[in-house]
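Chemist: Coordinates for the following, if possible.
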Amino acid sequence: MKLFVIAAFLAVAAAAPSSYKPEYKAPSYTTPSYPAPKYPTPSYPAPAYPTPSYNKDNKYADITITSQSDERNLDGSSQWSYAQSDYTTREESQVQKKMQGVTYDSYGKESYGEVLGNTNKGSSYWVSPEGQKFTLTWAADEAGFQPKGDHLPVPPVHEYELPVAPVHEYELPVAPALPYTRTGLGF
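Modeler: Numbering: from 1, shown residues only. I've put the predicted structure just below:
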C-alpha cells in the first residue's frame with residue numbers, strides 16, 4: 001500500500017506544470033545611465049597571415065602507416081608496434097616487475113626496498129636516404145639501457161696489460177746488540 005501511495009505521489013509531481021522558465025537572459029552590466037564604452041576602430045589594417053600549406057614542403061607525403069597494434073594488459077604489461085610504407089618498423093614491449101630500489105614515504109624519507117619498475121625491450125628497422133639498412137634492438141632493465149646494432153660504435157678492445165707498480169723486498173737492518181749493564185739500558 002505504501003508503495004502505491006509513493007508511486008501516485010511521484011506521478012502527480014511529474015505531471016504538475018512547472019514555473020521554470022527555460023529561456024536564460026544573461027545579466028547586463030550596463031544601464032541607461034552607464035552605457036557600454038565605444039572604442040574607435042583602429043586606423044591600421046588587420047595583418048594578413050598566409051594560409052598555412054602543410055604539404056608544400058613535405059617530402060615524405062607518400063609514406064603511410066601500413067600496420068599498427070597496441071595492446072595493454074591488466075597486469076601492467078604492454079606491447080605496441082607499427083610499420084610504414086617505407087619499410088620502417090618499430091616494436092616495443094614492457095613488463096612491470098618488482099625490483100630493489102629507492103622509495104620515499106609521505107614525509108620524503110628515503111629508504112631502500114622493493115619497488116615496481118618497468119623492463120622494456122624492442123627493436124627498430126629503417127632505411128637511410130642513402131639506402132643503408134639499420135636494425136637496432138635494445139633492452140632496458142636492472143642492468144640499464146643496452147642498445148645493440150651493427151651501426152653502433154664498438155668500444156676499443158683492451159689489448160695491453162696495465163703496468164704494475166714494482167714490488168721490492170726490503171730487509172730491515174738489524175741493530176747491533178748492545179752490551180748489558182745493570183741499568184738494563186745498555187749505556
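Chemist: Tell me where the chain has helices.
Modeler: Assigned by DSSP state H, the chain shows helices spanning 2-15.
Chemist: and the residue sitting nearest the centre point of it, bridged to which residues?
Modeler: In the chain, the C-alpha nearest the mean C-alpha coordinate belongs to residue 118, at 11.2 Å (C-alpha atoms, centre = their mean). Beta bridges link residue 118 to residue 96, judged by DSSP bridges.
Chemist: That one contacts residue 93, doesn't it?
Modeler: No: counting by C-beta atoms under 8 Å, residue 118 stays clear of residue 93, with 10.3 Å between them. From N, CA and C alone the C-beta is placed, and that goes for glycine too.
Chemist: Next, the contact list for the residue nearest to the centre of the chain, please.
Modeler: With contact set as C-beta atoms under 8 Å, 6 or more residues apart in numbering, residue 118 has these partners: 94-97, 140.
Chemist: Just the strands from this protein, written as ranges.
Modeler: For the chain, the strands defined by DSSP state E occupy 65-72, 78-84, 89-104, 110-127, 133-141, 144-148.
Chemist: Distance to residue 170 added to those, as CSV?
Modeler: Shown next, in CSV, are these (distance: least, C-beta to C-beta, whole Å):
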stretch, distance to residue 170
strand 65-72, 70
strand 78-84, 66
strand 89-104, 47
strand 110-127, 46
strand 133-141, 51
strand 144-148, 46
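Chemist: Report the residue spans of the protein with pLDDT below the cut-off.
Modeler: 12-22, 24, 26-31, 51-60, 179-187 (pLDDT under 70).
Chemist: What's the local residue count around residue 82?
Modeler: 15 (other C-beta atoms under 10 Å).
Chemist: meant to ask about residue 80, not that
Modeler: Residues near residue 80, counting by other C-beta under 10 Å, number 15.
Chemist: same check, this time on residue 178
Modeler: Using other C-beta under 10 Å: residue 178 sits among 9 other residues.
Chemist: ok, now how distant is the residue lying closest to residue 72 once chain neighbours are set aside from residue 143?
Modeler: Leaving aside its chain neighbours, residue 72 sits nearest to residue 78 (4.7 Å; criterion: C-beta to C-beta, 6 or more residues apart in numbering). Distance of residue 78 to residue 143, given as C-beta to C-beta, to the nearest Å: 21 Å.
Chemist: Repeat that for residue 131.
Modeler: Look at residue 131 and residue 143: by C-beta to C-beta, they are 34 Å apart.
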